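# structure of the sequence below:
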Amino acid sequence: MRAGAGSGNRRGGTAAGLFGAALLVAGTVLGTGGAYAQPSATPTGSASPGGRSTGNAQGDEDEGNGRHDDRGGQGGQGDKGNRPGHRGGESPHPSTSATGTTAAPGAPGPNGTAGTTGTTGPSGASTAPAAAKPTGAVRPAPAGTVLAAAEAGPGTGLPTAQGLQQALASVLADKNLGTYGLAVADAADGQLLYGSGENTAATPASTTKLATAVAALSLIPGDTRLTTRVVKNTATGGITLVGGGDPTLTALPADQVQIGGVPADQDTAPASLDALARQTAAALKGEGTTTVVLDYDVSLYTGSPLHKNHDGENIAAVTPLMVDEGKVDPKSREDAPARVPNPAESAAEAFAALLKAQGITVQSKAKQAAAPAAADAPVLGRVDSPTVARLVERLLTTSDNTLAEAIARQAALAARQPASFEGAATAVTQELARLGVPTTGVVLNDGSGLHTGNAVPPVALVKLLALAASAQHPTLRPVLTGLPIAGFTGTLGKRFGSTSGAADAAGLVRAKTGSLSGVNTLAGTVVDADGRLLTFALMTRTTAPADTARTAMDRVVARLAACGCH
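Sure thing, here's the model as predicted:
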């Protein structure tokens, strides 16, 4: 096929058919990866749908200064709230999730957060100690499912560098792109097909979340759940609310739970603080106790809880205990809602109120525990988050900064690094190197991409995506299923529209967005005219308005979808 040929000549069927091919990744199921924390379980009375997912509260890089975000908007502010008159850009919608793995039902174990660390071997096999193996039944992903879209017709060759250069020349000449770096690779084997500045490190903005997601799923079994529990405090005679690193824990009732504006399903519904209060109250009443002293344990994390660009809106203070991602209004649909100054304290206060509703009086105001809860402390209640695989999908689809930092800290714990911004960055960087991702020029300072000092070359981003598509790494598949779909979901929901000049690629592109002041990035997969799945990364720095720059980028990716580029 000649370079630049339109989608009307597309092999393998209509654009609608290829939209289905692009969604094949959504049907895969997950196997186990490395090892850390609590394996997936469906404990009795826990993880009930009682809360709303707040993942859409942050933009790609809208960190706290409104300068960055993947969600739409313009000017130098980020995707989120750059439009005059409001902070919110587009309202992300959740991606289609793979069916979550289910663990054997039964009563929860005594410990909700402690786990044994381990890593994934070079072939993707788990080298975790026996103590860390999941208790649930896990089905391995069918090999090659994600690559089905890449199976081109007989005799169809790979796109060539010359063909790609010819096809992309006119769209890459758009001055609204400013300075850019581009890499295009074959998803089937990661072979680099075309590059322009592909080895030059640039500010990744929220495409940093791809690195966080890949490292986390490589280090942690995808069916792991993050546990929040209440234990007896033998030192005070009271009870302790122990944070397990789940920022999606919610205080909302089940009928108000939404993720990206859509009601949560069984796999994605966050754990309920009310369910935890009911369990705890029942246990206390069973012992004849109706008055208690409450404190809370946030010892899981270390270091400062405040991101360098913390503004109290685009990201919450990163603590292992919070409800509704620290939103002042848990029902807020804003992309950058106001956050409470101390999420852990607010969570404890909300828990005390829920205990009161169950007939348990909490004496005085809850305070931070003087020491970490004992590992063998009797458990009065526990609730578990959705699986890490589902959380990764959510943080990518909605570009959730707070959730990304929480998952980065879980990766740090799995790698035996401090659960801090610095420890998480070290853990992610080391794991990427172990997986064979080129790390020359890579500099990470956080897990969300809000930090302007992050640097990643385009070639590293396409390698991350190729790993996620690889039959050798089925545990990384949620990285692909979590990518927003052009024109349909998440931070791409309002891009590739009818007036963009890129509408023909709607549904054929799944990509992670990223934006900071003057920076816009896009990295993901695209189905080309031959039905082949390609990975790409486009990173720009420009003075053009954000919406104008993004539209120019979308046209570049649409050109990839429209040609076989031979």
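
# CA atoms for contacts and neighbours, from now on please.
Noted.

# what about the helices in the chain?
15-22, 161-172, 208-219, 273-286, 343-357, 388-397, 401-414, 421-434, 458-469, 478-481, 546-561 (DSSP state H).

# could you dump these to CSV with mean pLDDT and mean neighbour count?
Converted to CSV, the helices of the chain look like this (pLDDT from 0 to 100; neighbours: other Cα atoms under 10 Å):
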stretch, mean pLDDT, mean neighbour count
helix 15-22, 40, 19
helix 161-172, 97, 17
helix 208-219, 98, 30
helix 273-286, 98, 22
helix 343-357, 98, 21
helix 388-397, 97, 30
helix 401-414, 98, 29
helix 421-434, 98, 22
helix 458-469, 98, 27
helix 478-481, 98, 30
helix 546-561, 98, 25
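
# tell me where the chain has strands.
Taking DSSP state E as the criterion, the chain carries its strands at 42-43, 105-106, 179-186, 192-196, 225-233, 238-242, 258-259, 262-263, 291-297, 361-368, 379-387, 509-516, 519-527, 533-541.

# now the weakest link among those strands, please, by mean pLDDT.
Lowest mean pLDDT within the strands of the chain: strand 105-106, at a mean of 32.

# and the residue nearest the centre of the chain, how close does it get to Ala167?
Taking Cα atoms, centre = their mean as the criterion, Leu395 is the residue nearest the geometric centre of the chain, at 2.5 Å. Counting by Cα to Cα, to the nearest Å, the separation of Leu395 from Ala167 is 33 Å.

# and the closest residue in space to Val171 that isn't next to it in sequence, how far is that from Asp265?
Setting aside the residues directly before and after it, Val171 is nearest to Val556 in space (Cα to Cα, 6 or more residues apart in numbering), at 5.6 Å. For Val556, the distance to Asp265 equals 35 Å [Cα to Cα].

# okay if I get the helices of the chain as TSV plus distance to Gly524?
Listed next are the helices of the chain as TSV, based on distance: least, Cα to Cα, whole Å:
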stretch	distance to Gly524
helix 15-22	11
helix 161-172	17
helix 208-219	9
helix 273-286	36
helix 343-357	33
helix 388-397	11
helix 401-414	18
helix 421-434	17
helix 458-469	7
helix 478-481	8
helix 546-561	10
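
# quick one: closest of these to Leu306.
Nearest to Leu306, of all the helices of the chain, is helix 421-434, at 9.1 Å by Cα to Cα.

# and stretch 403-422, how far out from the chain middle?
Remark: stretch 403-422 is offset 13 Å from the chain centroid, using Cα atoms, centre = their mean, to the nearest Å.

# scratch that, stretch 406-426 is what I was asking about
For stretch 406-426, the distance to the chain centre is 15 Å (Cα atoms, centre = their mean).

# quick check: end-to-end length of that stretch?
15 Å.

# and if you look at stretch 174-182?
14 Å.

# neighbouring contacts of it?
194-198, 200, 202, 457-459, 536-544, 548-549, 552-553 (Cα atoms under 8 Å, 6 or more residues apart in numbering).

# mind listing what Leu396 touches?
209-210, 479, 482-484, 512.

# try 7 Å
Going by Cα atoms under 7 Å, 6 or more residues apart in numbering, Leu396 touches 209, 482-483, 512.

# now do Val184
192-195, 534-537.

# these into CSV, with extra columns for neighbour count and distance to Pro247?
Shown next, in CSV, are the contacts of Val184 (neighbours: other Cα atoms under 10 Å; distance: Cα to Cα, whole Å):
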residue, neighbour count, distance to Pro247
Leu192, 19, 37
Leu193, 19, 40
Tyr194, 20, 40
Gly195, 20, 38
Leu534, 31, 34
Thr535, 29, 31
Phe536, 29, 31
Ala537, 29, 29
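
# so which two of the residues you listed are the farthest from each other?
Gly195 and Leu534, at 13.1 Å, using Cα to Cα across the contacts of Val184.

# can you list contacts of stretch 440-448?
By Cα under 7 Å, 6+ apart, stretch 440-448 touches 201, 206, 208-209, 212, 401, 404-405, 408, 421-422, 424-425, 451, 453-457.
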